[in-house]
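In: please find the sequence and the predicted model below.
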Amino acid sequence: MDPDAYFDRIGLNPDREWAPTLSTLTALQHAHVTTVPFETLSITGDPHGKREGTGVSLALDELYEKIVERRRGGFCYELNGAFTWLLRELGFDADRVAARVISDGDRTPPANHHSILVTLDRRYVVDVGLGLPKLRQPVPLDGSVVTDAGTDWRLVESERPDADYLVQYRDRSAADDGESDGIGRSDTDDDTSGWQDRYDLTTESRDLSYFEATCNYLATAPESIFTGEPTVTIATERGHRRLSTETFSETVDGVTAERSVEPGEWHAVLERAFGLPY
């Protein structure tokens, strides 16, 4: 691991002092999600070329080589897998934790998401491996609401016996008008309307090898959501971008513009909008 090379990959100055503080953690997370895409091309292959998917490895040296040296993206196990390594190299108390992303109320299979818990003045969920919506800054476990590029985030205690906390989000435009200064209480915290479940998690620290079985299933099973159409997403300062086989969309301040992408321009869009030469 060369932290300076990782800093260069995510557009931060390696010569600055990056002490293991909340401000550093916030800067790192924000930089990561706005420069390193969530993408499944290693699984699906190139939809408009002859390249097959190369598969997914959770070996740390291979994750570093892919994300930092080859400047690719990845999905949650890869992105949070490498990012946890960076955080530990910088002196953060960072734990890998198992989570279950919730889609249409379904939380299976187990450990279908790798999240991160970082302990500072309190414990924070940190995540650079989500598809959409993106999480750009740490969220404390104590229930405080974080407002992040038009989206509110919070954690509540899980009602399930196999999980400790539930990560929830809501579109800020759907919430009551209230002020929040980032991490801290807002006057909409007691409003229960509009919150959607993103994933639940346990707080037990895990080795990266713990995720190998589910990672392999999600990367290879025909019924997996990741083995069908490729997807590429990245956060922007005011929203996000998404690319599929035939469509490019960009959301800015809650407004989404979508257009068709012809096969002959697909790779140019991939490089221009997501920084991925392919």
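Out: Right, received. Where do you want to start? These numbers come from a predicted model, not from an experiment.
In: the stretch 101-250 of the chain: helices as residue ranges?
Out: Listed in chain order, the helices found in the stretch 101-250 of the chain under DSSP state H, counting those that start in this stretch are 212-220.
In: give me the below-cutoff pLDDT ranges for it.
Out: Applying pLDDT under 70 to the stretch 101-250 of the chain flags the ranges 104-105, 107, 173-192.
In: mind listing the strands in it by residue range?
Out: In the stretch 101-250 of the chain, the segments counted as strands under DSSP state E, counting those that start in this stretch are 113-119, 123-126, 139-140, 146-148, 151-157, 165-171, 196-201, 232-236, 239-243, 247-252.
In: mean neighbour count for the ones you listed - can I get that in TSV?
Out: Yep, even glycine has a C-beta here, placed from its N, CA and C like the rest. Below are those laid out as TSV (neighbours: other C-beta atoms under 10 Å):
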stretch	mean neighbour count
strand 113-119	23
strand 123-126	23
strand 139-140	22
strand 146-148	23
strand 151-157	20
strand 165-171	20
strand 196-201	20
strand 232-236	22
strand 239-243	21
strand 247-252	17
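In: distance to Arg259 added to these, as a markdown table?
Out: Output for the strands of the stretch 101-250 of the chain, formatted as a markdown table (distance: least, C-beta to C-beta, whole Å):
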| stretch | distance to Arg259 |
| --- | --- |
| strand 113-119 | 30 |
| strand 123-126 | 33 |
| strand 139-140 | 33 |
| strand 146-148 | 26 |
| strand 151-157 | 24 |
| strand 165-171 | 23 |
| strand 196-201 | 27 |
| strand 232-236 | 15 |
| strand 239-243 | 11 |
| strand 247-252 | 6 |
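In: relative to Pro20, which of these is closest?
Out: When the strands of the stretch 101-250 of the chain are compared by C-beta to C-beta, strand 113-119 sits nearest Pro20, at 8.8 Å.
In: nearest residue to Thr26 in space, please, no chain neighbours.
Out: Nearest non-adjacent residue to Thr26, counting by C-beta to C-beta, 6 or more residues apart in numbering: Gln137, 4.9 Å away.
In: mind checking the SS state of the nearest residue to Asp2 once chain neighbours are set aside?
Out: In this structure, Asp2 finds its nearest non-sequential neighbour in Val68, 7.6 Å apart by C-beta to C-beta, 6+ apart. Val68 falls in the helix class when you classify it by DSSP: H, G, I helix; E, B strand; the rest coil.
In: pLDDT value on Val68, please?
Out: Note on Val68: pLDDT of 97.
In: from memory it sits against Ala82, does it?
Out: Yes - counting by C-beta atoms under 8 Å, Val68 does reach Ala82; the two are 7.5 Å apart.
In: next, the angle strand 196-201 makes with the lengthiest helix in the chain.
Out: Longest among the helix segments of the chain by residue count, using DSSP state H, is helix 76-89. Relative orientation of helix 76-89 versus strand 196-201 (axes from the mean of the first three to the mean of the last three C-alpha atoms, to 10 degrees): 60 degrees.
In: what packs against helix 76-89?
Out: helix 3-9, helix 22-33, helix 60-64, strand 93-101, strand 113-119 (3 or more C-beta pairs under 8 Å, 6 or more residues apart in numbering; DSSP states H and E).
In: tell me which residues of that helix come out buried.
Out: 76-88 (16 or more other C-beta atoms under 10 Å).
In: then stretch 250-269?
Out: 250-251, 261, 266-267, 269.
In: return the residues in contact with Pro20.
Out: 87, 90-93, 120 (C-beta atoms under 8 Å, 6 or more residues apart in numbering).
In: mind running it again at 7 Å?
Out: Going by C-beta atoms under 7 Å, 6 or more residues apart in numbering, Pro20 touches 90-92.
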